[in-house]
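Chemist: Predicted model, plus sequence, below.
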Amino acid sequence: MEFLTHTLLPDDEIKDIQQRLLAPDLPWRDGRLTAGDQAALVKQNHQLAPDSELTISITKRISYALTNDPLIKSFSLIRKVHSLLISRSSSGDSYGWHVDNPFSRYGRRDLSFTVFLSDHDSYQGGSLSIQSGGETTTEFRLAAGQVVVYPSSTLHCVQPVESGTRFVCVGWIESYVKSLEDRSLLFNLDAGARGMLARYGRSDELDLIFQSYTNAVRRLSS
């Protein structure tokens, strides 16, 4: 399983964030300032100054939600969430095909995520396209408050915004387990064991599965 989509933030929090992002005189900066040399050539958007009060408020809430969500924790095996940015893309803006740098000064980038902050009907275009399995491309244009988590090693892009304004929060996860294949195996094992626990209750056999899962995480962690 390469991608995970999930509802992260409740409606009341999303509405509050949306209102705050529309305030006048916010410190928006050229998005190319936070891109690598190659990515900067294909990036056209704006990002909220990382030290602004609003950026800190929103990114703290999203970091907390990510690190406390059981499904995302199981999928990502989070060591840390870092380098969060608030991005604004207006009509004509886009971010061409690129791959994220493997590191930032805050940590390794094993998984990338995008939290959609805009309602569907507030903009057109702006899908997140992710390439996987050779030339297979999957597109994501999620409801406000939903997140997609995907490997940072993939080629991805943001399609041009045709009208309106697209707000998202993007960031990265350093996982305890670097390998995508190992994380997928562990996620499926954990999901299967939890499903059996919910359906049949605890058993000695299930205890052995959870023991094996825990020790596999220990063995595969870096």
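Modeler: Thanks, I have it. Residues are numbered from 1 along each chain as shown.
Chemist: I'd like to know which elements the helix or strand of the chain with the lowest mean pLDDT is packed against.
Modeler: When the helices and strands of the chain are scored by mean pLDDT, DSSP states H and E, helix 37-40 comes last with a mean of 84. With contacts defined as 3 or more CB pairs under 8 Å, 6 or more residues apart in numbering; DSSP states H and E, the packing partners of helix 37-40 are strand 94-98. For glycine as for every other residue, the C-beta is placed from the backbone atoms N, C-alpha and C.
Chemist: list the helices and strands the strand it packs on packs on?
Modeler: So strand 94-98, by 3+ CB pairs under 8 Å, 6+ apart, packs with helix 37-40, strand 43-44, strand 156-158.
Chemist: Mean neighbour count and distance to R79 for those - can I get that in CSV?
Modeler: Below are these laid out as CSV (neighbours: other CB atoms under 10 Å; distance: least, CB to CB, whole Å):
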stretch, mean neighbour count, distance to R79
helix 37-40, 13, 24
strand 43-44, 20, 27
strand 156-158, 22, 22
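Chemist: out of the ones you listed, nearest to F140?
Modeler: Nearest to F140, of all the helices and strands packed on strand 94-98, is strand 156-158, at 9.5 Å by CB to CB.
Chemist: How far away from the center of its chain is the closest one?
Modeler: A distance of 13 Å separates the centroid of the chain from that of strand 156-158, by CA atoms, centre = their mean, to the nearest Å.
Chemist: Show me what it is packed up against.
Modeler: By 3+ CB pairs under 8 Å, 6+ apart, strand 156-158 packs against strand 94-98, strand 128-132.
Chemist: Provide the partner residues of L4 in its beta bridges.
Modeler: With DSSP bridges as the criterion, L4 is bridged to V149.
Chemist: need the contact list for it.
Modeler: 71-72, 75-76, 148-150 (CB atoms under 8 Å, 6 or more residues apart in numbering).
Chemist: Just give me how far the strand ranked longest in the chain sits from the chain centre.
Modeler: Across the chain, the longest stretch assigned as strand under DSSP state E is strand 161-175. Between the centre of strand 161-175 and the centre of its chain there are 9 Å (CA atoms, centre = their mean).
Chemist: Same question for stretch 40-51.
Modeler: The answer for stretch 40-51 is 17 Å, by CA atoms, centre = their mean.
Chemist: ok, the contacts of L4 vs Q159, which is closest?
Modeler: Looking across the contacts of L4 and measuring by CB to CB, the closest to Q159 is V148, at 14.2 Å.
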